[in-house]
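Asks: only geometry, no sequence info:
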């Protein structure tokens with residue numbers, strides 16, 4: 001504990017700067033009060049029990065404790081601010097184990113790149129899930145680095161409890177655990193300080209913890225209707241085909257951020273640094289430590305492979321995954337890896353400067369994406385509200401009753417300003433994959449109706465077979481009334 005106090009007070013300026021950077025990162029969510037994805041139902045019902053069905057009981061208990069009630073109130077942005085603050089504090093662990101002795105600018109910029117994750121932006125936009133997801137990240141970091149240089153049964157039990165708690169917050173954070181261990185292994189291989197026994201203990205504890213969670217805890221909460229999504233891929237030819245498809249989906253998400261020529265160049269430099277690490281280990285140990293050289297090279301290679309695979313997310317091993325950017329939590333380690341390896345290979349000012357450039361090259365686009373998405377989601381909510389008001393106007397001209405249903409023929413088209421943001425930041429399309437207004441977003445649209453006290457049910461089973469000749473036309477909505485159904489067609493513009 002004394003060492004942690006010394007570490008914190010020695011880096012208090014860095015902590016304050018990182019806290020400010022973290023606040024800048026989450027500011028778009030603070031400024032936007034729009035519901036995002038699952039928020040649309042939680043805001044109208046206050047029901048936290050759905051997390052039980054996802055195998056995340058600690059989410060329910062945490063939010064009930066925060067609200068001092070069995071139902072949740074929208075207290076945005078308090079949960080997000082708490083989660084981001086605790087997460088920034090955990091960066092002191094990164095500084096202590098990896099960046100101790102480097103200049104303050106190197107510490108701050110490398111940790112800032114770790115904090116400002118472009119794929120985690122969708123996570124911070126959840127009003128109710130953001131704090132539990134941050135708690136999962138925090139527990140992941142602590143479980144990996146808790147007394148990493150020595151192992152005994154009591155420490156491994158504590159590590160196991162932390163990992164089980166992390167899984168009860170957000171299962172996708174397991175990829176961060178593996179990727180952080182991989183980074184630790186690579187750094188130790190570069191420094192020729194690898195402790196194989198300690199790594200074996202850590203990995204064994206993680207696998208045992210996952211088995212306890214998946215075989216005992218998760219089945220207690222996850223109903224049969226939800227359990228299909230958590231099934232692992234079969235070990236046969238079909239499983240290989242599913243794995244390939246899942247990997248392709250994850251790669252497509254990653255490439256939506258690394259899509260410009262500059263980002264391609266930055267990615268190539270990452271792999272150049274990985275190769276440089278191989279050469280450094282080889283040259284450093286060829287004459288003086290040839291006996292352990294192949295062990296260090298093997299550990300380093302394994303670490304790189306794990307980092308890259310965890311960047312895709314461990315959900316690629318599931319049979320029916322719903323792969324989204326918010327699940328790629330291994331990307332935290334990928335972003336940190338090359339800059340960290342570079343300054344481990346050489347502590348010179350030039351190496352630290354190049355590492356800073358690598359980080360800044362990702363921090364600026366990630367911040368731009370965060371603010372663009374904040375503006376986008378606010379515009380989308382405003383646009384949907386305008387369309388809903390038009391639809392309400394249509395209904396005043398029809399004779400409706402409690403059994404009247406709404407049938408949607410298409411989707412509400414994004415505004416020109418929203419399309420520009422999508423083109424500049426393709427990852428926004430992935431963030432909004434299940435959120436929209438129209439035929440292909442029935443689940444969210446129904447929630448949007450209820451959140452605005454528009455108490456009509458959507459019925460997409462009704463088939464409108466005739467020629468669509470609208471009875472009423474407004475700027476964005478055309479409609480026909482037929483068999484107690486209001487048939488709606490959206491227009492892209494007036």
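Replies: Okay, I see it. Since we're looking at a predicted model, the values are computed, not measured.
Asks: now residue 46: how far from residue 249?
Replies: 33 Å (C-beta to C-beta, to the nearest Å). The way it works is simple: take the backbone N, C-alpha and C, and place the C-beta from them, glycine included.
Asks: roughly how far apart are the closest residue to residue 408 other than its chain neighbours and residue 394?
Replies: Closest residue to residue 408 apart from its sequence neighbours, by C-beta to C-beta, 6 or more residues apart in numbering: residue 439 at 4.4 Å. From residue 439 over to residue 394 the distance is 17 Å, taken as C-beta to C-beta.
Asks: if you count neighbours, what's buried in the one helix or strand residue 52 maps to?
Replies: For residue 52, the host element (DSSP states H and E) is helix 50-53. Across helix 50-53, burial judged by 16 or more other C-beta atoms under 10 Å covers 50, 51, 52.
Asks: go on, stretch 332-346?
Replies: For stretch 332-346, the neighbour count (16+ other C-beta under 10 Å) marks 332-345 as buried.
Asks: what do you get for stretch 152-170?
Replies: For stretch 152-170, a neighbour-count test (16+ other C-beta under 10 Å) marks 155-156, 159-160, 162-170 as buried.
Asks: check contacts around residue 28.
Replies: 370, 371, 373, 374, 375 (C-beta atoms under 8 Å, 6 or more residues apart in numbering).
Asks: which among these end up buried?
Replies: Using 16+ other C-beta under 10 Å, the buried ones in the contacts of residue 28 are 370, 373, 374, 375.
Asks: name the nearest of the buried residues of stretch 152-170 relative to residue 61.
Replies: residue 168 (9.0 Å; C-beta to C-beta).
Asks: domain parsing for this protein?
Replies: Listed domain ranges for the chain are 2-347, 384-490 (source: automatic domain parsing).
Asks: most remote residue from the protein's center?
Replies: No residue in the chain sits farther from the centre than residue 399, which is 45.9 Å out by C-alpha atoms, centre = their mean.
Asks: and the pLDDT for that residue?
Replies: Looking at residue 399, its pLDDT is 86.
Asks: that one should be in a strand, yeah?
Replies: No. Under DSSP: H, G, I helix; E, B strand; the rest coil, residue 399 sits outside any strand and is assigned coil.
Asks: element containing the closest residue to residue 173 other than its chain neighbours?
Replies: By the measure of C-beta to C-beta, 6+ apart, the closest residue to residue 173 outside its immediate chain neighbours is residue 136, 3.8 Å from it. According to DSSP H and E, residue 136 maps onto helix 130-145.
Asks: now swap in residue 368 and tell me
Replies: Per DSSP H and E, the secondary structure element for residue 368 is helix 349-395.
Asks: show me what the next helix or strand after that helix is packed up against.
Replies: Where DSSP H and E defines the elements, the next helix or strand beyond helix 349-395 is strand 405-408. With contacts taken as 3 or more C-beta pairs under 8 Å, 6 or more residues apart in numbering; DSSP states H and E, strand 405-408 sits against helix 442-451, strand 457-458, strand 485-490.
Asks: any idea of the mean pLDDT for strand 405-408?
Replies: When pLDDT is averaged along strand 405-408, the result is 92.
Asks: and it, how far out from the chain middle?
Replies: Remark: strand 405-408 is offset 33 Å from the chain centroid, using C-alpha atoms, centre = their mean, to the nearest Å.
Asks: contacts for it?
Replies: Contact partners of strand 405-408, identified using C-beta under 8 Å, 6+ apart, comprise 391, 438-439, 442, 445, 449, 456-460, 462, 464, 484-488, 490.
Asks: and for stretch 73-86?
Replies: Residues contacting stretch 73-86 (C-beta under 8 Å, 6+ apart): 19, 22-23, 25-26, 29-30, 33, 43, 46, 63, 66-67, 124, 127-128, 130-135, 138.
Asks: re the thing from before, the helix holding residue 136: what's the following helix or strand?
Replies: Moving toward the C-terminus from helix 130-145, the next helix or strand (DSSP H and E) is helix 153-169.
Asks: which strands and helices lie in contact with that following helix?
Replies: helix 57-67, helix 130-145, helix 174-190, helix 196-212.
Asks: quick one, what contacts residue 21?
Replies: Residue 21 touches 108, 112, 115, 116, counting by C-beta under 8 Å, 6+ apart.
Asks: how near is the residue farthest from the centre of the chain to residue 409?
Replies: Taken as C-beta to C-beta, the span from residue 399 to residue 409 is 21 Å.
Asks: from residue 380, how far out is the residue nearest the centre of the chain?
Replies: Nearest to the geometric centre of the chain sits residue 326, at 2.5 Å (C-alpha atoms, centre = their mean). Separation of residue 326 from residue 380 (C-beta to C-beta): 18 Å.
Asks: cool, residue 78 as well?
Replies: Taken as C-beta to C-beta, the span from residue 78 to residue 380 is 24 Å.
Asks: more neighbours: these two, which one.
Replies: Taking other C-beta atoms under 10 Å, residue 78 and residue 380 do not tie; residue 380 has more neighbours (22 against 11).
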